[in-house]
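Visitor: need coordinates for the below:
(3 chains)
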Amino acid sequence: MKLKREFYERDTLVVARELLGKYLVRESADGKTIGKIVETEAYIGPHDAAAHTYKGRRTDRTEVAFGRGGHAYVYMIYGMYHCFNIVTNTAGKPEMVLLRALEPIEGLELMKKRRGTSDIRKLCNGPGKLCLAMDITRLDHGTDLCEDRLYLCDNAPVPEEDIVCTPRINVDYAGEAASYPWRFYIRGNRFVSRK
DNA sequence: AAAATGATCCTT
DNA sequence: AGGATCATTTTC
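Guide: Numbers count the residues shown, from 1 in each chain, chains lettered A, B, ... in the order given. You can find the predicted model right below:
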């Protein structure tokens, strides 16, 4: 069952937790790939020094974050990789959730081909890696996840006691915000990017 | 096991 | 100018 707009247009920390265990589905010309979300990070708008939209900064890039929830926010990092975020909360609240790792579920051969490795653990255990495996590029920036090429499917919620909560990765530049416990992952899952 | 390095280009 | 990364190589 495809997740609808109402799922995304809620409190970002709630969405970041509930995204764990859900399926990310990619339909592309060369085939279908599916991954289960096992690691997320919340980036919460104007008051989060780690967020692109800190202090409400509006540029061509951040504009989609100010729109309605349920859209893709994709940007390039270090000239070579992409990071995939899901815009959350309602229009005017520039908040999002970064997907950091997936557990490969379907289309493994296609993922291996795109990634150039056959080590299943390493296919999607990092934000840049999962974008390569799922063929997510900046062309997907702004895509509505309520449509058919890139979307999420419901799945049983992960029990509260199986959700681990830590500070976010690589945001040491963000001062006090660097210690906010806004990273979530599934306890014991083998596909999490790092413990 | 951890740390250093280089690839490489969009955004400001 | 510099960065929400990755793979490979180098060092303890």
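Visitor: what number of residues lie near the residue in chain A positioned nearest to DNA strand C?
Guide: Relative to DNA strand C, the nearest point of chain A is A:Gly126 (2.2 Å; Cβ to the nearest atom of the strand). In short, each C-beta sits where N, CA and C put it, glycine included. Counted by other Cβ atoms under 10 Å, the residues lying close to A:Gly126 total 22.
Visitor: which phi and psi does it have?
Guide: phi 170, psi 150 (degrees, to the nearest 10).
Visitor: who touches the residue lying closest to it once chain neighbours are set aside in this structure?
Guide: Closest residue to A:Gly126 apart from its sequence neighbours, by Cβ to Cβ, 6 or more residues apart in numbering: A:Ser193 at 4.7 Å. Counting by Cβ atoms under 8 Å, 6 or more residues apart in numbering, A:Ser193 touches A:39, A:100-101, A:125-127, A:169.
Visitor: do A:Tyr23 as well
Guide: Contacts of A:Tyr23 (Cβ under 8 Å, 6+ apart): A:34-37, A:105, A:152-155.
Visitor: among those residues, which lie within strands?
Guide: Among these, DSSP state E puts A:34-37, A:105, A:152-153 in strands.
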